[in-house]
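In: Sequence below, structure please.
(one chain, ligands or ions: 1)
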Amino acid sequence: MYRTRTCGELRLTNVGERVTLAGWVQSVHNLGALTFVDLRDRYGITQLAFTEDASEELRQKAGKLGREYVLQATGVVAERYSKNKNIPTGEIEILVEELNILNESAIPPFTIEENSDGGDDLRMKYRYLDLRRPVVRQNLELRHKFAFEVRRYLDEQGFLEIETPVLVNSTPEGARDFVVPSRMNPGQFYALPQSPQTLKQLLMVAGVDRYFQIVKCFRDEDLRADRQPEFTQIDCEMSFVEQEDILQMFEGMSRHLFKVIKGIDIPALPRMTWADAMKNYGSDKPDTRFGMEFVELKNNQPDNASREIVESIFPDGFGVFDGAVYIGAICAEGQAVYTRKQIDQLTDFVKRPQIGAKGLVYARVEEDGNVKSSVDKFYTQETLQVLKQKMNAKPGDLILILSGDDAMKVRKQLCELRLEMGSRMGLRDKNKFSCLWVIDFPMYEWSDEEQRLMAMHHPFTSPKPEDIPLLDTDPASVRANAYDMVINGVEVGGGSIRIHDAKTQQKIFEILGFTPEQAQQKFGFLMNAFKFGAPPHGGLAYGLDRFVSLFAGLDSIRDCIAFPKNNSGRDVMLDAPGFLEQAQLDELNLQVVPQE
Ligand code: ASP
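Out: Alright, predicted model coming up:
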């Protein structure tokens with residue numbers, strides 16, 4: 001037996017026991033006659049003590065130890081003189097009697113401690129060392145527990161976990177595919193699944209009834225903090241259900257996860273239509289940990305988010321507002337104290353190219369109720385009082401106003417400003433969770449790039465029955481039976497009720513611009529299957545990485561993935577992707593044009 005105990009479990013009650021531990025040297029403290037070694041394994045850290053009573057040979061051995069050496073140590077548990085209150089094993093130490101060096105270690109490139117001195121690149125290159133750090137390891141433990149509880153819940157609800165293939169053909173989820181050349185079928189390629197969408201629908205045709213899979217999906221997109229080229233979904237599908245059944249089932253799953261993992265009872269999830277989310281928060285994934293909802297001060301452009309015309313509260317006078325199609329504002333409570341400099345910072349923030357506002361108008365409500373604004377010279381105090389009233393602003397509040405000629409664009413800019421103010425005002429506490437469903441998404445969104453309507457969710461999503469007549473007259477306003485679960489401004493999951501008859505599916509493909517031949521060629525397998533008695537069905541998929549990072553309070557999903565890729569999609573540890581030998585390329589019938 002290598003060990004009788006772990007480095008995380010011994011306490012005062014074990015004093016006097018003879019134990020054997022194994023682990024890595026975190027640190028060595030040489031105090032002349034005494035040597036202390038912190039021994040670490042997955043479970044914790046235990047102090048090994050080499051005292052005057054130890055044999056000369058033993059003390060010499062201890063003197064030679066370096067960081068990350070692998071040891072096996074046997075000795076007796078003793079109470080420590082100077083106790084370390086910061087760790088659970090801090091009241092005891094092991095008086096070592098036998099020491100076995102199981103392996104030496106090169107000097108690690110960074111210290112493997114809570115606060116590592118390794119930069120991101122170094123940590124990723126030596127990820128196996130990074131993973132020895134408790135902070136990172138804890139994320140993997142959380143992820144394990146999370147996946148385990150998902151399986152437990154879904155199993156109890158009668159779901160079957162079924163694997164679907166990884167070598168498939170393209171499944172359209174709106175991203176680029178990763179492809180794999182086929183040696184046996186020269187010139188042909190598999191695609192890696194962007195999701196098992198069509199396969200899980202075929203499983204419903206097969207009568208599986210309730211399916212789930214914790215599954216790797218692949219999307220060749222530009223990367224951000226919350227995106228990886230390969231990521232994990234909790235993919236689910238159910239037969240003979242309506243939207244309500246799915247919302248209930250998965251609200252139940254989230255409640256279970258919050259309860260058993262975080263010890264939190266979450267309230268019933270409120271539901272917000274996509275239109276309200278866009279109108280009031282400028283986002284289909286609103287962070288509802290705080291209010292600060294938008295107030296429309298002018299809207300001449302009815303759209304899917306708001307069909308209402310709002311007359312401007314401002315009389316003509318200020319060119320920017322006069323010419324704007326939309327004026328929207330937020331009220332930051334108690335922030336009238338903002339200095340000129342802070343306002344300038346906010347203005348620079350909204351003018352950054354990523355946000356793209358032209359400028360920022362502000363108004364402070366002073367203690368006497370008067371309003372002082374950056375547009376004072378254009379408006380009377382009466383107009384500014386109307387603004388104050390509209391905004392429901394009190395003395396001490398700061399009103400921030402954006403305007404422009406495209407309502408949706410301004411809403412998105414205002415959304416960024418709202419989130420920024422939320423952060424500055426400390427309203428986005430990572431330990432507070434606000435969950436909701438966003439429902440009634442539009443079926444389509446216009447793509448400037450493709451100059452056509454694109455499926456907002458995916459082409460298998462069914463329209464709301466009452467909106468079906470609009471498919472012929474005004475497809476852009478058709479709403480879908482689609483829903484997202486949003487937590488703290490993060491879309492953790494989303495899905496839809498699917499189309500289950502070949503005719504409607506054919507029609508949707510047409511609206512998306514597929515000719516019947518193209519639709520047949522790409523999705524013939526699915527439409528064909530629908531001819532054989534497809535049950536009504538629907539489902540959703542959660543992003544496991546995102547959900548776990550939220551639970552762990554992480555800023556990036558990378559920290560809950562054992563071996564993540566960097567922002568250029570590289571695995572710097574494996575040095576992937578890499579070049580192939582010519583022989584391998586020949587076998588695959590591939591020619592590579594060398595890059596200069
Ligand atoms: N396949 C969808 C996605 O990956 C989820 C779903 O509709 O079930 O977003």
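
In: Name the nearest residue to whichever residue of the stretch 151-300 of the chain sits closest to the ligand, sequence neighbours excluded.
Out: The nearest approach of the stretch 151-300 of the chain to the ligand comes at residue 195, 3.5 Å away (C-beta to the nearest ligand atom). Heads up, the C-betas are built off the backbone N, CA and C, glycines and all. Using C-beta to C-beta, 6 or more residues apart in numbering and skipping the chain neighbours, the partner closest in space to residue 195 is residue 217 (5.0 Å).

In: Can you tell me the SS state at that neighbour?
Out: On the three-state scheme (DSSP: H, G, I helix; E, B strand; the rest coil), residue 217 is labelled strand.

In: So what pairs up with it in the strands?
Out: Judged by DSSP bridges, the bridge partners of residue 217 are residue 231.

In: so it makes contact with residue 233?
Out: Yes - using C-beta atoms under 8 Å, residue 217 is in contact with residue 233, at 5.2 Å.

In: Overlap of the contact sets of those two?
Out: Residues touching both residue 217 and residue 233 by C-beta atoms under 8 Å, 6 or more residues apart in numbering: residue 195.

In: one step back: the residue nearest to residue 195 and residue 189: what is the separation?
Out: Distance from residue 217 to residue 189, counting by C-beta to C-beta, to the nearest Å: 18 Å.

In: Same check on residue 26?
Out: Residue 26 is 48 Å from residue 189, where distance means C-beta to C-beta.

In: OK, contacts around the residue nearest to residue 195?
Out: 193, 194, 195, 196, 230, 231, 232, 233, 235.

In: at 7 Å instead, please
Out: 193, 194, 195, 231, 233 (C-beta atoms under 7 Å, 6 or more residues apart in numbering).

In: Which SSE is immediately downstream of the helix or strand hosting residue 518?
Out: Here residue 518 sits within helix 516-530, counting by DSSP states H and E. Using DSSP H and E, the helix or strand that follows helix 516-530 in sequence is strand 537-543.

In: Apart from its chain neighbours, what residue comes closest to residue 358?
Out: Going by C-beta to C-beta, 6+ apart, residue 358 has residue 404 as its nearest residue, at 6.9 Å.

In: Oh, that last question was meant for residue 500, not what I typed.
Out: Of all residues not flanking residue 500 in the chain, residue 534 sits nearest, at 4.3 Å (C-beta to C-beta, 6+ apart).

In: how many other residues sit next to that neighbour?
Out: When counting by other C-beta atoms under 10 Å, one arrives at 22 neighbours for residue 534.

In: Is it in contact with residue 499, as I believe?
Out: No - counting by C-beta atoms under 7 Å, residue 534 stays clear of residue 499, with 9.0 Å between them.

In: What segments of the stretch 151-300 of the chain are helices?
Out: Secondary structure of the stretch 151-300 of the chain (DSSP state H, counting those that start in this stretch): helices at 197-205, 243-257, 274-281.

In: chain center to the second one: distance?
Out: Centroid separation for helix 243-257 versus its chain: 19 Å, with C-alpha atoms, centre = their mean, to the nearest Å.

In: can you check the shortest one too?
Out: Distance of helix 274-281 from the chain centroid (C-alpha atoms, centre = their mean) equals 21 Å.

In: pLDDT of it, averaged?
Out: If you average the pLDDT over helix 274-281, you get 98.

In: Kindly export it (C-alpha atoms) in PDB.
Out: Extracted in PDB, the C-alpha atoms of helix 274-281 (Å, rounded to 0.1, in the frame of the first residue of the first chain):
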ATOM      1  CA  TRP A 274     -37.900  38.300 -26.100                       C
ATOM      2  CA  ALA A 275     -39.600  41.500 -27.100                       C
ATOM      3  CA  ASP A 276     -39.600  42.700 -23.400                       C
ATOM      4  CA  ALA A 277     -36.100  41.700 -22.900                       C
ATOM      5  CA  MET A 278     -34.900  43.700 -25.900                       C
ATOM      6  CA  LYS A 279     -37.100  46.700 -25.100                       C
ATOM      7  CA  ASN A 280     -36.200  46.900 -21.500                       C
ATOM      8  CA  TYR A 281     -32.700  45.600 -21.400                       C
END
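
In: which one is residue 314 nearest to, not counting chain neighbours?
Out: Using C-beta to C-beta, 6+ apart, the closest residue to residue 314 is residue 321 (5.0 Å).

In: Report the contact partners of the one you found.
Out: Going by C-beta under 7 Å, 6+ apart, residue 321 touches 312, 314, 327, 403.

In: Mind checking which of those residues are in strands?
Out: 327, 403 (DSSP state E).

In: So which of the contacts of residue 321 wins on neighbours?
Out: Counting by other C-beta under 10 Å, top hit in those: residue 403 with 28 neighbours.

In: What separation do you get for it and the ligand?
Out: Going from residue 403 to the ligand by C-beta to the nearest ligand atom, to the nearest Å gives 34 Å.

In: That residue: what's it in contact with?
Out: If you count contacts by C-beta under 7 Å, 6+ apart, residue 403 has them with 320, 321, 324, 326, 327, 410.

In: check contacts around residue 519.
Out: Residue 519 touches 506, 509, counting by C-beta under 7 Å, 6+ apart.

In: Check the stretch 351-500 of the chain for the residue nearest the ligand and tell me.
Out: Counting by C-beta to the nearest ligand atom, the stretch 351-500 of the chain gets nearest the ligand through residue 495, at 3.7 Å.

In: pretty sure that residue contacts residue 537?
Out: No - Residue 495 lies out of contact with residue 537 (C-beta under 7 Å); the separation is 10.8 Å.

In: So residue 118, which state does it fall into?
Out: Secondary structure state of residue 118, per three-state DSSP, is coil.

In: Surely it touches residue 110?
Out: Yes - contact criterion C-beta under 7 Å: residue 118 and residue 110 qualify, at 2.9 Å.

In: The two: who's more crowded?
Out: The residue with more neighbours, out of residue 118 and residue 110, is residue 118; 18 against 15, by other C-beta under 10 Å.

In: Pull the contacting residues for the more buried one.
Out: Counting by C-beta under 7 Å, 6+ apart, residue 118 makes contact with 109, 110.

In: what does the chain put close to the ligand?
Out: With C-beta under 6 Å from any ligand atom as the criterion, the chain meets the ligand at residues 173, 195, 197, 494, 495, 496, 539, 540, 541.

In: Looking at the residues you listed, state which has the most neighbours.
Out: Within the residues of the chain next to the ligand, residue 495 tops the neighbour count with 27 neighbours, counted by other C-beta under 10 Å.

In: in what helix or strand does that one lie?
Out: Following DSSP H and E, one finds residue 495 within strand 490-497.

In: Give me the residues contacting that strand.
Out: Contacts to strand 490-497, defined as C-beta under 7 Å, 6+ apart, come from residues 242-243, 246, 285, 457, 461-462, 480-486, 538-543, 546-547, 550.

In: I'd like the average pLDDT over the helix or strand that it is followed by.
Out: The first helix or strand that comes after strand 490-497 along the chain, using DSSP H and E, is helix 502-511. The pLDDT scores in helix 502-511 average 89.

In: Now the residue nearest to residue 314. Its backbone dihedrals?
Out: Backbone geometry at residue 321, expressed as degrees, to the nearest 10, gives phi -70, psi -40.

In: Mind pulling up the pLDDT for the nearest residue to residue 53 once chain neighbours are set aside?
Out: Of all residues not flanking residue 53 in the chain, residue 95 sits nearest, at 7.3 Å (C-beta to C-beta, 6+ apart). The confidence metric pLDDT takes the value 97 at residue 95.

In: Any stretches of this protein with poor pLDDT?
Out: 171-173, 225, 596 (pLDDT under 70).

In: Regarding it, what is its longest strand?
Out: Assignment by DSSP E gives strand 18-31 as the longest strand of the chain.

In: immediately after that one, which helix or strand?
Out: Following strand 18-31 in sequence order, the next helix or strand is strand 34-41 (DSSP H and E).

In: which parts of that next one are buried?
Out: 35, 36, 37, 38, 39, 40, 41 (16 or more other C-beta atoms under 10 Å).
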